[in-house]
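Participant: Build me a model:
(chains A and B)
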Amino acid sequence: MKRIAVPVLAVLTSVGLVASLWGVFVTTPLADVLFFNQKIFYFHVAHAFMLFASVFACAVCSAVYLKTRNPRWDDVALATAEVAVVLGAAVLITGMIWAKAAWDVWWKWEKRLTMSLLLWLTLVGYVMVRRFAGAGGERLAAALAVFAAVALPFIYTMVDQGDLHPQAGARGNVATLGPAMRGTFWLAVATFLGWTSLLVTARVASARAERRAAELRERALDAGLLGES
Amino acid sequence: MGMLAHLRAIAAKDLRVERRSREVVATMAFFAALLVIVMAIGFDHERRFARTATPGLLWAAIAFAGTIGLGRAFDREREGDTMRALLLSPASRLGIFLGKAATIAILVFGVAAVCAPLTGLLLSVDLFVHPGYLAATLALGAIGVAVVGTVFAASLLKVRARDVLLPIVLYPLLIPLFVAGNRATGALLADPAQLDVARYWLGFLAVYDAVFLVVSLWLFESVVIE
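Facilitator: Got it, this is the predicted structure:
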């Protein structure tokens, strides 16, 4: 199943990327206020959706891992966290470019910006724990992921700078977009969903391979097939 | 023994050790005082920012001193390898967690109680117009730091690079708490004091503490047990 699904998804994602780039630069009209600057919206919002999806997946897998201690969940949590760091960097950078164009500042301490930044910082912390803590770090990192999900609503309510950020979601900007814009937007979301799934799948596979290699080494050492080196 | 008895026994043991050695309280409070002084020197130039800088300064000192204290409090268990003994004992894990967290909360609150007058003194700001509100803010802040900090400090006992990893994992999670503490303290310092604003942020802190306490109780056992 996976042997077919992954290449098919990869092909679909590549086609989607080309098509969404075509949509962004050719078929969609210029926006009313921001003109050409609004083009970054298609990728920025798509990345933000994927960021929150990956963080949610990471928190859920971490919680399940802590309760069941099945390392397969931990592999998925690690993969989604690492992918989320990349996605978060993309969200923050594209967001800052857009903020400079729309508000004429690179950064504002506004709800969604603060939330994305703190989320991203927590994820970087997660990856650092996984890199540097050694054995035992995976449980700590899992707790961190769960706590990060719990902290999100607090971060959202603590920021009292008004919601300057354009609303995405069903009742926000997306609903008011013209049909060409809306089509391109959802195509971009689908494309990056495919891209994120591919990255996570690849990372999970490599994490499993790493663990299997370590287990085999242990067994070989126990059997006396490998010298202590 | 019930969970509350375990809580009391562990907290009493830790506080007795602390009363005899004064290691954590002394180093933590002195470190926090130094931080306040360093930052006051930086901010008090021309005394224009004193009032606005005071809450941030106080809470930054609590944050830094809190992580130092957390690290030290658990290092003591690690050096004697007594954490394992505690976990092997028939005491309930939740009792152990609550006992540890209670000790840390008392220590952090003690440090805050040292820092607050010092900050007020050095910046010539009267922090104690509403002492009850200030004490409640600091206490709720100390509880939050202790609850979240205990989970991570306990699970960092076994891993490498723990000194630097503790603040790295703790600060992003504690930022809502620091912001709320800051806002509450700032509202108390305003002239006239905005008590309704302070009450809102006190409520925020209480909800934060309660939610993280529940999650910590749920996670503590699976995080510390190998």
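Participant: show me the contacts for residue 87.
Facilitator: Since you didn't name a chain, this refers to chain A. A:Leu87 sits next to A:His47, A:Met50, A:Leu51, A:Ser54, A:Thr196 when contact means C-beta atoms under 8 Å, 6 or more residues apart in numbering or on different chains. For every residue, glycine as well, the C-beta is placed using N, CA and C.
Participant: I was after chain B.
Facilitator: Residues counted as contacts of B:Leu87 (C-beta under 8 Å, 6+ apart) are B:Arg93, B:Ile96, B:Val224, B:Ile225.
Participant: which residues sit in contact with the third one?
Facilitator: What it means is B:Val224. By C-beta under 8 Å, 6+ apart, the contact list for B:Val224 reads B:Met83, B:Leu87, B:Arg93, B:Ala154, B:Ser155, B:Leu157.
Participant: got those as TSV, with pLDDT and secondary structure columns?
Facilitator: Output for the contacts of B:Val224, formatted as TSV (pLDDT from 0 to 100; DSSP: H, G, I helix; E, B strand; the rest coil):
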residue	pLDDT	secondary structure
B:Met83	79	helix
B:Leu87	81	helix
B:Arg93	84	helix
B:Ala154	86	helix
B:Ser155	83	helix
B:Leu157	81	coil
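Participant: Greatest separation within these: which pair is it?
Facilitator: Maximum pairwise distance among the contacts of B:Val224 (C-beta to C-beta): 14.5 Å, between B:Arg93 and B:Leu157.
Participant: Output the contacting helices and strands for the helix or strand A:Phe185 falls within.
Facilitator: Counting by DSSP states H and E, the element that carries A:Phe185 is helix A:179-222. Contacts defined by 3 or more C-beta pairs under 8 Å, 6 or more residues apart in numbering or on different chains; DSSP states H and E place helix A:179-222 against helix A:2-22, helix A:41-68, helix A:71-103.
Participant: give me that answer again for 10 Å
Facilitator: helix A:2-22, helix A:41-68, helix A:71-103, helix A:173-176 (3 or more C-beta pairs under 10 Å, 6 or more residues apart in numbering or on different chains; DSSP states H and E).
Participant: quick one: it to helix A:41-68, angle?
Facilitator: Using axes from the mean of the first three to the mean of the last three C-alpha atoms, to 10 degrees, the direction of helix A:179-222 lies 30 degrees away from that of helix A:41-68.
Participant: Tell me where the model's unsure across chain B.
Facilitator: The model of chain B has pLDDT under 70 over residues B:1, B:44-47.
Participant: could you redo the last one with a cut-off of 90?
Facilitator: Scanning chain B with the threshold set as pLDDT under 90 gives B:1-33, B:35-57, B:65-96, B:110-111, B:113-131, B:152-165, B:188-197, B:218-226.
Participant: which residues in it form helices?
Facilitator: For chain B, helices defined by DSSP state H occupy the ranges B:3-21, B:23-43, B:50-79, B:82-88, B:93-123, B:131-155, B:162-189, B:195-224.
Participant: Tell me the buried residues in the last one?
Facilitator: Translated: helix B:195-224. Buried residues in helix B:195-224, counted by 16 or more other C-beta atoms under 10 Å in any protein chain shown: B:197-198, B:200-202, B:204-205, B:208-209, B:211-213, B:215-217, B:219-220, B:222-224.
Participant: Repeat that for the third one.
Facilitator: With burial defined by 16+ other C-beta under 10 Å, the residues of helix B:50-79 counted as buried are B:50-51, B:53-77.
Participant: my guess is B:Ile10 contacts B:Thr103, does it?
Facilitator: Yes. Assessed by C-beta atoms under 10 Å, B:Ile10 is found in contact with B:Thr103 at 7.5 Å.
Participant: Turn the helices of chain B into JSON lines, columns for distance to A:Val127.
Facilitator: Supplementary listing: the helices of chain B in JSON lines, determined by distance: least, C-beta to C-beta, whole Å:
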{"stretch": "helix B:3-21", "distance to A:Val127": "33"}
{"stretch": "helix B:23-43", "distance to A:Val127": "29"}
{"stretch": "helix B:50-79", "distance to A:Val127": "20"}
{"stretch": "helix B:82-88", "distance to A:Val127": "26"}
{"stretch": "helix B:93-123", "distance to A:Val127": "27"}
{"stretch": "helix B:131-155", "distance to A:Val127": "16"}
{"stretch": "helix B:162-189", "distance to A:Val127": "10"}
{"stretch": "helix B:195-224", "distance to A:Val127": "18"}
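Participant: so which of these gets nearest A:Thr13?
Facilitator: Closest to A:Thr13 of the helices of chain B is helix B:162-189 (C-beta to C-beta; 31.3 Å).
Participant: name the helices or strands packed onto that closest one?
Facilitator: Judged by 3+ C-beta pairs under 10 Å, 6+ apart, helix B:162-189 is in contact with helix A:111-132, helix A:137-158, helix B:50-79, helix B:93-123, helix B:131-155, helix B:195-224.
Participant: can those go into CSV with extra columns for distance to A:Val60?
Facilitator: Listed next are the helices and strands packed on helix B:162-189 as CSV, based on distance: least, C-beta to C-beta, whole Å:
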stretch, distance to A:Val60
helix A:111-132, 14
helix A:137-158, 8
helix B:50-79, 28
helix B:93-123, 23
helix B:131-155, 19
helix B:195-224, 14
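Participant: and of those, who's closest to B:Thr185?
Facilitator: helix B:50-79 (3.7 Å).
Participant: So is that closest one next to chain A?
Facilitator: No. Judged by C-beta under 10 Å from any C-beta of the partner chain, helix B:50-79 and chain A are separated, with a smallest distance of 12.6 Å.
Participant: the inter-axis angle of that helix versus helix B:23-43?
Facilitator: Computed by the same axes, to 10 degrees, the angle between helix B:50-79 and helix B:23-43 is 150 degrees.
Participant: report the angle between the axes of helix B:50-79 and helix B:3-21?
Facilitator: Following the same axes, to 10 degrees, one obtains 100 degrees for the angle between helix B:50-79 and helix B:3-21.
Participant: In terms of secondary structure, what does helix B:50-79 contact?
Facilitator: helix B:3-21, helix B:23-43, helix B:82-88, helix B:93-123, helix B:131-155, helix B:162-189.
Participant: what does the first one rub up against?
Facilitator: Helix B:3-21 is contacted by residues B:1-2, B:23-26, B:73, B:76-77, B:82, B:86, B:89-107, B:110 when judged by C-beta atoms under 10 Å, 6 or more residues apart in numbering or on different chains.
Participant: and those residues, which are buried?
Facilitator: For those, a burial check counting by 16+ other C-beta under 10 Å picks out B:24-25, B:73, B:76-77, B:86, B:91-107, B:110.
Participant: on that earlier part again, tell me the one of the contacts of B:Val224 nearest chain A?
Facilitator: The closest of the contacts of B:Val224 to chain A turns out to be B:Ser155 (C-beta to the nearest C-beta; 4.4 Å).
Participant: so who does that closest one touch?
Facilitator: Listed by C-beta under 10 Å, 6+ apart, the contact partners of B:Ser155 are A:129, A:133, A:136-137, A:139-144, B:74, B:162, B:169, B:219-220, B:222-225.
Participant: Is any residue of stretch B:207-221 near chain A?
Facilitator: Yes. Shown here: stretch B:207-221 in contact with chain A (C-beta under 10 Å from any C-beta) through B:Val207, B:Tyr208, B:Val211, B:Phe212, B:Val214, B:Val215, B:Ser216, B:Trp218, B:Leu219, B:Phe220, B:Glu221.
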